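Visitor: A predicted structure for the sequence below; I have some questions about it.
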Amino acid sequence: MDKKTYADLVNKICPKEKICINALVSFLFGGLMGLLGEFIIELYQMLFDIPFKEASTYMIITLIFFGCLFTCFGWFDKVIEFAKCGLIIPITGFAHAMQSAALEYRREGFVTGIGANMFKLTGSVITFGIVSAYFFGLIRLILGG
Amino acid sequence: MNFKFKNVYLNATSIVAGPYEKRTIFINYFDEIYDDLYLGEKSWELAEIKLIHESVNILLSKTNMERENINIHLSGDLLNQLVATNYASAKIGIPLIGVYAACATSTLSLILGSILVDNYLKNAICSTSSHNAAAEKQFRYPVEYGGPKRCVTTFTTTAGCSALISRNKKGVRIDTGTIGTVVDMGVKDVYNMGAVMAPAAARVLVDHLRANKRKASYYDLILTGDLGIYGSKIFEEYLKSEYGIILDNYKDAGSMVYDNKKYAGGSGPACMPLVAYGYIFSKLKKHEYKKVLLIATGALHNQTLCNEKMSIPAIAHAISLEAL
């Protein structure tokens, strides 16, 4: 049997992922996260009498804090397993990825463990975030003048 | 490469299992079960070292043997540089041969041990371990990250299993052993190890049957290691279309270990012995099975080469056991 025929055999037997249901669940949870974010911004604006921009920064910090805290409690991975990209794509997913790597490597020391491995999962997000920011900035400069 | 053994017996076994294995139907065959994945240690790696160490200790006390009387220890695990085996061996103090064949380590160590005992030595201990979190950390993501899993993904078992083989006619007879060939069918999917390993299992089964001039129906049971529910279907289908062999006495240890609601079965080097050293061993002793063929399957997976877009090769080794 050649590799192509074998790949067809594997595809025939292995079930497909439920893409539609997963997308719908992610959409709902992502939307709920957005709603929560909006609610926190409104709350901060009302409570501390601060402008929208400042309140949204505090909202992000709040979500990061709770994302990290829930990861440390040990059950946030189970929620993410259910909510999927609904919690992975927002800032909570970034915080969770960094925190879980930090927890995993803490036994290997501060420098060689936490320091070296904390960005293991999120490093590429930062790298390509900077790269794409550079290119979009360039496009804006050329088009916008 | 096939070996026919004259005078080797699997005398006794020991199984130390982790918290997830509590849910299995084989729980009564385990010698010790830990509720905590850390096993009271400080890291996943130390926990896996403890799995091997404890399983050898239990085996020695079960058989009333002193470590000085054991000729050799053959052991393997999944971690880089076989750290679990090597660090455990420093505590155990029996001359060591480290064995690596990924999840096929259990049968490879049994075959190598049987060759040594049949020709040169009095006895040997063969151990295998795997630890879910240590394997996740090394091969996938940090444990707390979780990350949604695909439905074809298998779940690494947490266990340390040891077996004592010797020339004493006790327990179960080790009949033949077949060393497998590495097979690469071009699968690059690191989450579908069943598809990676199924052709290697089929290849060693056919090699074994040809070398011993046997039919598949010669055995009461043919048990593969950790193909999982989809991998074992691929194995049967591949065997049928490639070699024209239809199995009616086939089971997969990985598919038997858990309830398979969330994952496609169990995996890891300890998956095969978790079933074989307890449940199958006791069935053979009670003569409920007379002849059993164990085919442990290993995906020779390396993250660096997978990142370099290489496909994953696989190997399987087969050993046949007979009731006395």
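Guide: Right, received. Where do you want to start? Numbers count the residues shown, from 1 in each chain, chains lettered A, B, ... in the order given.
Visitor: pretty sure residue B:264 is in contact with residue B:232, am I right?
Guide: No. Assessed by C-beta atoms under 8 Å, residue B:264 is found out of contact with residue B:232, at 9.5 Å. C-beta coordinates here come from the backbone N, C-alpha and C atoms, glycine included.
Visitor: Can you check which residues contact both of those two?
Guide: Listed as contacting both residue B:264 and residue B:232 by C-beta atoms under 8 Å, 6 or more residues apart in numbering or on different chains are residue B:194.
Visitor: in chain A, what residue is nearest chain B?
Guide: residue A:77 (2.8 Å; C-beta to the nearest C-beta).
Visitor: which stretch of helix or strand covers that residue?
Guide: Using DSSP states H and E, residue A:77 maps to helix A:76-83.
Visitor: Can you name the residues in contact with the next helix or strand after that helix?
Guide: Counting by DSSP H and E, the next helix or strand C-terminal to helix A:76-83 is helix A:85-88. Residues outside helix A:85-88 that contact it (C-beta under 8 Å, 6+ apart): A:22, A:25-33, A:79-80, A:93, A:96.
Visitor: hmm, 6 Å instead?
Guide: Outside helix A:85-88, the residues that touch it by C-beta atoms under 6 Å, 6 or more residues apart in numbering or on different chains are A:26, A:29, A:30, A:80, A:93.
Visitor: go on, stretch A:25-33?
Guide: A:83, A:84, A:85, A:86, A:87, A:90.
Visitor: Pull the contacting residues for whichever residue of the stretch 101-250 of chain B sits closest to chain A.
Guide: Taking C-beta to the nearest C-beta, chain A has its nearest neighbour within the stretch 101-250 of chain B at residue B:146, 2.8 Å off. Contact partners of residue B:146, counting by C-beta under 6 Å, 6+ apart, are A:77, A:80, A:81.
Visitor: Just the pLDDT at it, thanks.
Guide: On pLDDT, residue B:146 comes in at 79.
Visitor: ok, for it, nearest residue in space, not its chain neighbours?
Guide: residue A:77 (2.8 Å; C-beta to C-beta, 6 or more residues apart in numbering or on different chains).
Visitor: count of neighbours near that neighbour?
Guide: 19 (other C-beta atoms under 10 Å in any protein chain shown).
Visitor: Mind pulling up the pLDDT for the residue nearest the centre of chain A?
Guide: Centroid-nearest residue in chain A: residue A:93, 2.8 Å away (criterion: C-alpha atoms, centre = their mean). In this model, residue A:93 is scored at 91, pLDDT.
Visitor: how about it, secondary structure?
Guide: helix (DSSP: H, G, I helix; E, B strand; the rest coil).
Visitor: Would you check how far apart it and residue A:77 are?
Guide: 11 Å (C-beta to C-beta, to the nearest Å).
Visitor: cool, and residue B:108?
Guide: 34 Å.
Visitor: swap in residue B:12?
Guide: From residue B:12 to residue A:77 the distance is 39 Å (C-beta to C-beta).
Visitor: Out of the contacts of helix A:85-88, which comes closest to residue B:171?
Guide: residue A:80 (46.6 Å; C-beta to C-beta).
Visitor: Could you tell me which residues of chain A lie near chain B?
Guide: Residues of chain A lying close to chain B by C-beta under 6 Å from any C-beta of the partner chain are A:1, A:3, A:6, A:10, A:13-15, A:71, A:77, A:80-81, A:84, A:97, A:100-101, A:103-104, A:107.
Visitor: Could you report the neighbour count for residue A:23?
Guide: 13.
Visitor: Repeat that for residue A:142.
Guide: For residue A:142, the neighbour count with other C-beta under 10 Å is 8.
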